[in-house]
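J.: coordinates only, no sequence provided:
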């Protein structure tokens, strides 16, 4: 089955630690995205990548970093510089342009204490 | 930052009721408008991708219309069922098509 996997489903970290969230897709999609959801808010774009070895900042990139070394993988690192990292994180992918629908992973809930 | 507004924020209906909600988006530089359904404990799933003014799309009991000139889209659910309970998101890719702005969603509760 084609799809997007994110791991882990729940993640707990101490403040000051970097943490990496995994996102893998086997849909052969060029574009991948990371979103953050906070209660009562819409999905906010953190980073996106149109092709391998290229990525762009979204609206709330501060305190996050990504890499796109392989087409199927787009890991997100939440650094200690992110002031309020506790949130629900969703990864998505789509065919080459955004007129195509995005396919979402199951999400990772990160709690930082 | 472009703004995408959805209303109402939440909606409680009885089984069998028909309902509709609104997505408002910038009318200039229109590229596409997406609707997603997000059920609890699942991933958001695409319902419709709408690209042309006047577009009307349908999937079972759910349909959507698009007015790009005035910047709104309506999602209709005919004869709501408890399994329709979900958050319905609309999303608007900005110029260039890669940065997609999501609305906060309409949370629908259908009571049996």
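T.: Good, I have the coordinates. Since the structure is predicted, the reported quantities are computational estimates derived from the model, not experimental observations.

J.: from now on I want contacts and neighbour counts done on CA atoms only, so please keep to that.
T.: OK.

J.: contact partners for the closest residue to chain A within chain B?
T.: Per C-alpha to the nearest C-alpha, residue B:104 is where chain B lies closest to chain A, at 3.6 Å. Applying C-alpha atoms under 8 Å, 6 or more residues apart in numbering or on different chains to residue B:104 gives the contacts A:40-43, B:5-6, B:9, B:89.

J.: quick check: residues of chain A near chain B?
T.: By C-alpha under 8 Å from any C-alpha of the partner chain, the residues of chain A that approach chain B are A:40-45, A:48, A:50, A:58-59, A:97-107.

J.: so what's residue B:75 closest to, chain neighbours aside?
T.: residue B:64 (4.4 Å; C-alpha to C-alpha, 6 or more residues apart in numbering or on different chains).

J.: my guess is that neighbour is in a strand, correct?
T.: Yes. Residue B:64: assigned to a strand according to DSSP: H, G, I helix; E, B strand; the rest coil.

J.: can you get me a residue count around the nearest residue to residue B:86 once chain neighbours are set aside?
T.: Spatial nearest neighbour of residue B:86, chain neighbours left out: residue B:39 (4.5 Å); criterion: C-alpha to C-alpha, 6+ apart. Number of residues near residue B:39 (other C-alpha atoms under 10 Å in any protein chain shown) recorded here: 17.

J.: my guess is residue B:39 contacts residue B:85. True?
T.: Yes. With contacts counted by C-alpha atoms under 8 Å, residue B:39 reaches residue B:85, the gap being 7.1 Å.

J.: show me how far the helix or strand bottoming out on mean pLDDT in chain B is from its chain's centre.
T.: Every helix and strand of chain B was ranked by mean pLDDT, DSSP states H and E. The lowest is strand B:100-102, at a mean of 87. In this view, strand B:100-102 has its centroid 12 Å away from the chain centroid, taken as C-alpha atoms, centre = their mean, to the nearest Å.
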